[in-house]
Each structure stands twice: as structure tokens, then as C-alpha cells.
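Student: pasting a predicted model and its sequence here:
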Amino acid sequence: MGTVFASHTVSLDGFIANAEGKVGHLFDWYDSGDVEVPLAGYGLTFHMSQASADYWHQNDTEGAFIAGRGIFDDAQGWGGRPPGNSPTIVVTHRPPPEGWPPVPDAPITFVDNLEEALRLAREIAGDGDINVAAADIIRQCLDLGVLEEIRIDLVPVLLHDGIRYLDGIKRRGIELTQLQVVEGAGVTHIRYGVTYPQPVQDLTGGHSHD
């Protein structure tokens with residue numbers, strides 16, 4: 001079974017987007033070098049530093065992707081082609097948008113709770129890793145004790161306010177172990193292993209997936 005991880009580009013003051021949901025210059029590091037890194041299924045190529053490109057390829061082990069409805073809506077459903085063509089589970093209480101899917105074989109499934117999303121993702125991913133995205137879903141995974149790794153692409157940008165990467169976590173006693181640090185151009189890549197020394201409790205009551 002693969003690793004359940006969260007990965008985000010984060011400003012130096014801890015935000016993944018500003019108050020309007022905009023990312024500003026957070027992703028400038030995608031084009032801060034001369035090494036071509038194609039994004040599968042998109043016809044899009046990034047140009048990273050060698051260090052960032054090596055890190056990207058080394059950690060390209062995603063077998064399934066769990067996203068919140070906000071990310072899905074902001075990306076307009078990725079046109080039915082999620083990043084890397086990964087099988088994607090969207091956690092939401094709302095039905096799919098009108099006219100969905102835009103392509104017949106869109107690898108995207110909608111469920112109304114995180115537990116079902118994790119079950120499906122494990123079934124789909126097999127030995128591949130599971131990437132979870134959206135601040136609320138990451139928080140719930142930490143509270144449930146199922147998130148095993150946190151990955152941060154830390155950039156020298158200040159957003160001052162907005163959406164924090166890790167916020168509102170109810171579970172106490174979570175410990176992080178540094179696994180890797182890679183310095184790229186305009187970004188520092190950091191991986192942490194997550195351990196839960198206290199018995200896992202159900203701390204997810206009252207949350208909403210939208």
C-alpha cells in the first residue's frame with residue numbers, strides 16, 4: 001500500500017492562496033530554470049532548475065488524487081483531465097456540474113465523505129501513493145491519523161493573509177520527521193514524515209465538504 005501524502009506550494013508566511021483564492025507568484029518556480037518537465041495529459045511543459053526537476057521526478061509516485069470541490073471548481077474540472085491523468089476522487093455534497101463529464105472517460109469520481117474517498121483511492125492506487133489536496137481535507141486526514149507525509153514547496157513570497165496550508169487541526173501530539181530537503185531556484189522542497197503517538201480518535205464531527 002502506498003503513502004497518503006499532501007503536497008502544496010506554500011508562501012514563507014504559511015499560505016497556499018490569498019484571501020481571494022489567488023496564488024500570485026507562488027508557482028513562479030515552475031519556470032525558474034531550463035530543465036523541461038512535461039505535465040502528463042496537459043501538453044504543458046514546465047522549465048525548472050535541475051534540482052527541482054530531479055525532486056519532481058523522484059516523487060512522481062501518485063496513483064490516485066483526492067481533491068475538494070473548491071479545487072475542482074477552480075480548475076473547471078480540469079476539462080475532465082486531472083493533473084497527470086491521475087484517477088481523481090472529489091469530496092463534495094453537491095452533484096457534478098451540469099453537462100458533466102466533458103469527455104466520456106474522465107477519470108473523476110464524486111463521493112460525499114472522506115472515508116469513502118480514501119477507500120476508493122486505496123483500491124485504485126494499489127501500491128501507488130495517494131495525494132490529498134485542499135486545506136480542509138488535509139486537516140481532516142491529520143485529525144483521522146491517516147496522512148503519512150507532508151510535502152512543502154516553500155517559496156520566498158509573502159501573501160500576508162488568505163488560506164493557510166495547515167490550520168485548524170484538532171488532533172494533538174502529531175510529530176514530524178524531516179525526510180528530505182532540496183534547494184531549487186526560487187523554492188525549497190521539504191518532505192516530512194508524520195507520526196501519531198496518541199490513539200487515533202474520530203475528530204471530524206461537524207466538518208463540511210461543500
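Tutor: Cool, the structure landed.
Student: now the helices for this structure?
Tutor: If DSSP state H is used as the criterion, the helices of the chain fall at 50-58, 69-74, 114-125, 135-144.
Student: so which of those is the most surrounded?
Tutor: Among those, ranked by average contacts under mean count of other CB atoms under 10 Å, first place goes to helix 135-144 (a mean of 22). (C-beta placed from N, C-alpha, C; glycine too.)
Student: tell me the angle it makes with helix 114-125.
Tutor: 90 degrees (axes from the mean of the first three to the mean of the last three CA atoms, to 10 degrees).
Student: dump helix 135-144 to PDB, restricted to CA.
Tutor: Extracted in PDB, the C-alpha atoms of helix 135-144 (Å, rounded to 0.1, in the frame of the first residue of the first chain):
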ATOM      1  CA  ALA A 135      -6.800  22.600   3.200                       C
ATOM      2  CA  ASP A 136      -9.900  21.200   4.800                       C
ATOM      3  CA  ILE A 137      -9.300  17.700   3.500                       C
ATOM      4  CA  ILE A 138      -5.700  17.800   4.700                       C
ATOM      5  CA  ARG A 139      -6.800  18.900   8.100                       C
ATOM      6  CA  GLN A 140      -9.300  16.000   8.300                       C
ATOM      7  CA  CYS A 141      -6.700  13.500   7.200                       C
ATOM      8  CA  LEU A 142      -4.400  14.700  10.000                       C
ATOM      9  CA  ASP A 143      -7.300  14.500  12.500                       C
ATOM     10  CA  LEU A 144      -8.100  11.000  11.400                       C
END
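Student: now do that helix: which elements does it pack against?
Tutor: When contacts are defined as 3 or more CB pairs under 8 Å, 6 or more residues apart in numbering; DSSP states H and E, helix 135-144 packs onto strand 4-11, strand 62-68, helix 114-125.
Student: residues near Ile108, how many?
Tutor: 21 (other CB atoms under 10 Å).
Student: tell me who's in contact with it.
Tutor: By CB atoms under 8 Å, 6 or more residues apart in numbering, the residues touching Ile108 are Phe72, Gly77, Trp78, Gly80, Pro82, Pro87, Thr88, Ile89, Val90, Pro101.
Student: quick one on the thing from earlier: same list as before, the helices and strands packed on helix 135-144 that is, but in JSON lines and with distance to Thr195 included.
Tutor: Converted to JSON lines, the helices and strands packed on helix 135-144 look like this (distance: least, CB to CB, whole Å):
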{"stretch": "strand 4-11", "distance to Thr195": "13"}
{"stretch": "strand 62-68", "distance to Thr195": "21"}
{"stretch": "helix 114-125", "distance to Thr195": "19"}
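Student: right, and these - which one's nearest Ala134?
Tutor: Shortest distance between Ala134 and the helices and strands packed on helix 135-144, using CB to CB, is found for strand 62-68: 3.0 Å.
Student: avg pLDDT for that closest one?
Tutor: Strand 62-68 carries an average pLDDT of 95.
Student: for the residue in the chain sticking out farthest from the centre, give its distance to Gly79.
Tutor: For the chain, the largest distance from the centre (CA atoms, centre = their mean) belongs to Gly99, which lies 26.0 Å off. Here the criterion is CB to CB, to the nearest Å. By it, Gly99 lies 12 Å from Gly79.
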